[in-house]
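Colleague: My questions are about this predicted structure, shown below with the sequence.
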Amino acid sequence: MTTRTAVITGASSGIGAATARRLAASGFRVVLTARRADRVEALAAELTEAGHEAVPYALDVTDRPAVDAFAAGLDRCDVLVNNAGGALGTDPVSSADPADWQRMYEVNVLGVLHMTQALLPALEASPSGEGTVVVLTSTAGHGTYEGGAGYAAAKHGAHVLTETLRLELCGKPVRIVEIAPGMVKTDEFALNRFRGDEAKASKVYAGVAEPLTADDVADTVDWAVTRPPRVNVDLLVLRPRAQASNTKVHREG
Ligand code: NAP
């Protein structure tokens, strides 16, 4: 019998990498996917060195044939963590680039759809009866803010996909979990959003005493998937104490 297996998308940085570390420590064989092969290979080597089972796999979640080929080669999947995603730009609706919106929809919504469709048969067949789909949405999936329409629209889409899937799979041995974080300080999220502009990216966190860390979020994923199979954590929203809503953030100085 193979080991309980967790597939994590976007495992090359931030929340995905932290989740891989947590789930490996919880005894899962972790399959680390992202587009940057060197990053997932390095993390897999680190985890293997520490005595865990970790397999790297270069994968773009927007590439359906590649996702299907990946799923076909997998002998087992008990947990799928749909974490790959991100934001592009903070332009208002009046001037936002539709290409940015399209890209955000492709990765945050269609990426989740591709991975979930491809792995559902394996999740339903989980020998431990613990088939679990986790979707990393965002508080932007539950409310909006100025300059955030494109990202919020995509994350609302991921939220709706998740809620609908839970309804449709009711009665099957698969849990559907949504984790919706507020502000998390990761190395690349804001940098990618501002297309590499470090000054703009650092302003996101300016004066915020303690934004959430990637590991804070990974801890919630680990907690949700390690509950007894009868317990479905539908939606877990977490924010830093300094952030009361998407638009109310306490900044010092
Ligand atoms: P991050 O460090 O930028 O991580 C994003 C990950 O997604 C990377 O590993 C990236 O890897 C991967 N990715 C992007 N496009 C991909 C694609 N087409 N195919 C496969 N992998 C892809 O950001 P993060 O802060 O950890 O965010 C992780 C998730 O949490 C995202 O869904 C984000 O929207 C959500 N979230 C973040 C925050 C926050 O404040 N940071 C708050 C709420 C929700 P490659 O580039 O190697 O492919």
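Modeller: That came through fine.

Colleague: Could you check how many residues crowd around the nearest residue to Ala242 once chain neighbours are set aside?
Modeller: Computed as CB to CB, 6 or more residues apart in numbering, the closest residue to Ala242 that is not its neighbour in sequence is His250, at 4.3 Å. (Glycine included, C-beta is placed from N, CA and C.) Neighbourhood size, His250 [other CB atoms under 10 Å]: 12.

Colleague: what sits against His250?
Modeller: Val208, Ala209, Ala242, Gln243, Ala244 (CB atoms under 8 Å, 6 or more residues apart in numbering).

Colleague: change it to 10 Å
Modeller: Gly207, Val208, Ala209, Pro240, Arg241, Ala242, Gln243, Ala244 (CB atoms under 10 Å, 6 or more residues apart in numbering).

Colleague: what's the answer for Glu178, then?
Modeller: 82, 133-138, 141-142, 158-159, 161-163, 165-166, 224, 233-237.

Colleague: ok so it is a helix residue?
Modeller: No. Per DSSP: H, G, I helix; E, B strand; the rest coil, Glu178 lies outside any helix segment and is strand.

Colleague: Could you give the bridge partners of it?
Modeller: With DSSP bridges applied, Glu178 shows beta-bridge pairing to Val135, Leu235.

Colleague: Pull up the gap between it and the ligand, please.
Modeller: 11 Å (CB to the nearest ligand atom, to the nearest Å).

Colleague: Would the helix or strand harbouring Leu32 count as contacting the ligand?
Modeller: Assigning secondary structure by DSSP states H and E places Leu32 in strand 29-34. Yes. Using CB under 6 Å from any ligand atom, strand 29-34 comes into contact with the ligand via Ala34.

Colleague: if we can go back for a sec, from the contacts of His250, keep the buried residues only.
Modeller: Buried residues within the contacts of His250, counting neighbours by 16 or more other CB atoms under 10 Å: Val208, Pro240, Ala242, Gln243.

Colleague: Restricted to strands, list the residues you listed.
Modeller: Members of the buried ones among the contacts of His250 lying in strands (criterion: DSSP state E): none.

Colleague: rewinding a little: the contacts of His250 into JSON lines, with extra columns for distance to the ligand and pLDDT?
Modeller: Converted to JSON lines, those look like this (distance: CB to the nearest ligand atom, whole Å; pLDDT from 0 to 100):
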{"residue": "Gly207", "distance to the ligand": "16", "pLDDT": "96"}
{"residue": "Val208", "distance to the ligand": "11", "pLDDT": "96"}
{"residue": "Ala209", "distance to the ligand": "16", "pLDDT": "92"}
{"residue": "Pro240", "distance to the ligand": "10", "pLDDT": "98"}
{"residue": "Arg241", "distance to the ligand": "15", "pLDDT": "97"}
{"residue": "Ala242", "distance to the ligand": "13", "pLDDT": "97"}
{"residue": "Gln243", "distance to the ligand": "10", "pLDDT": "97"}
{"residue": "Ala244", "distance to the ligand": "16", "pLDDT": "96"}
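
Colleague: circling back to that earlier point, can you report phi and psi for the residue nearest to Ala242?
Modeller: The phi/psi pair for His250 (degrees, to the nearest 10) reads phi -80, psi 120.
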